[in-house]
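Engineer: Fold the following, please.
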Amino acid sequence: MKRFDAFPRPLEGIVEKSSLAGFFSLLGFIVAGLLLFSELIQFISVDIEEHIKIADSMTNPSDTIALKVYMSFPHLNCNDLMLDYESTKSDLPSARKGKLNKRKMNSREKSVVSSSNFNLDDDRSHAVGTARGCTIDGVVNVGRVGGNFKVVITNNVWGALALRGVEELQRGMNVSHYIHELTFGEHFGKVVNPMKEVANGIEEGVGLVQFHLKVIPTLFKRPGRWERETFQISMTEQFVKMSTLLLSGNMQQPGVTFNYDFTPLSVLHRESRENVLTFLGSLASVTGGVWVTVGMLGGCLMKAGGVGKKRD
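Structural biologist: The predicted structure is shown next:
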């Protein structure tokens, strides 16, 4: 124990080490080490706070949000589908709205869709011509206002089905679809996207699939990094059969519609960490406090032991 004594005392011109002082020195090392380790853990840990605040308004028409769409219709040709987009406030020139493209499904997309238990041999695929599959992808620049876009059967194809009779109209075409991804703004890995890898296989009948999306602006603030704005999505889904649409007088063609709206509230996600100077100050305080306390306690006990020896 004597070799651990960090508090040697001069005695008649020499330095004396004792086992008791060595014990307290070793105890001081252990306590200081544990406290320093706990300070280090506290320093590297990240505190997370989330607040709700009023969303910032986008008054400049040039401030747009990129809406990325990537989805496939395995049972339809691209010529059978039409795209349409509209906003509740059309304040963007059409040239700034971006573009959604239609193209034939590639082999990778077919593999992804087939792994989602789609029946690729459904006879509804051949209601008009031979289906080869169609993929919709692209980006639409939208303002921070509500809107909707739809991917539905074209008027010509739907009219051709109507001429074949009510039974053919009811049977219609297979509008089953696979949404690879639909995002608003820049994607951030920490955000869960409910509109990613969504498989909607419609087993029978034909109708209109409606997605109602609430878009929540979210700001991420992280230590030592730039602020990042993204948008979270909450989603509800509804399938309306064609018979219901006809009875209600709605002449909407079958397909998929996305109705979205931005919430007036936004989420602030802040990650914070202890300041480096505060951390260094804590280390100095812990180290100094431990040695002062152990030194005082050891000194008192050593003096008490010395007084006892003198009395003996």
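Engineer: okay, now the domains of the chain?
Structural biologist: Structural domains annotated on the chain: 2-45+273-311, 52-270, as defined by automatic domain parsing.
Engineer: Could you tell me the least trusted of those domains?
Structural biologist: With a mean of 68, domain 2-45+273-311 has the lowest mean pLDDT of those.
Engineer: The strand or helix carrying residue 140 pairs with which strands, parallel or anti?
Structural biologist: Element membership for residue 140 (DSSP states H and E) is strand 134-142. Strand pairing for strand 134-142, determined by DSSP bridges: strand 65-73 (antiparallel), strand 98-104 (antiparallel).
Engineer: Dump those strands to TSV, plus distance to residue 213.
Structural biologist: Yep, even glycine has a C-beta here, placed from its N, CA and C like the rest. What follows is the strands paired with strand 134-142, written out as TSV (distance: least, Cβ to Cβ, whole Å):
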stretch	distance to residue 213
strand 65-73	10
strand 98-104	16
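Engineer: can you give me the strands in the stretch 201-312 of the chain?
Structural biologist: With DSSP state E, counting those that start in this stretch as the criterion, the stretch 201-312 of the chain has strands at 207-221, 228-241, 255-262, 265-272.
Engineer: quick one, helices of the protein?
Structural biologist: 19-44, 107-114, 155-163, 166-171, 242-247, 276-311 (DSSP state H).
Engineer: returning to that earlier point: with respect to residue 50, which of the strands paired with strand 134-142 lies nearest?
Structural biologist: strand 65-73 (21.6 Å; Cβ to Cβ).
Engineer: so residue 196 touches residue 182, yeah?
Structural biologist: Yes - assessed by Cβ atoms under 8 Å, residue 196 is found in contact with residue 182 at 7.4 Å.
Engineer: Which one's more surrounded, the two?
Structural biologist: residue 182 (21 against 14; other Cβ atoms under 10 Å).
Engineer: Could you work out the end-to-end span of stretch 174-193 for me?
Structural biologist: One end of stretch 174-193 to the other measures 26 Å (Cα to Cα, to the nearest Å).
Engineer: buried sites along stretch 150-162?
Structural biologist: 150-153, 157-158, 161 (16 or more other Cβ atoms under 10 Å).
Engineer: so which two of those residues are the farthest from each other?
Structural biologist: Farthest-apart pair in the buried residues of stretch 150-162 is 150 and 161; separation 18.1 Å (Cβ to Cβ).
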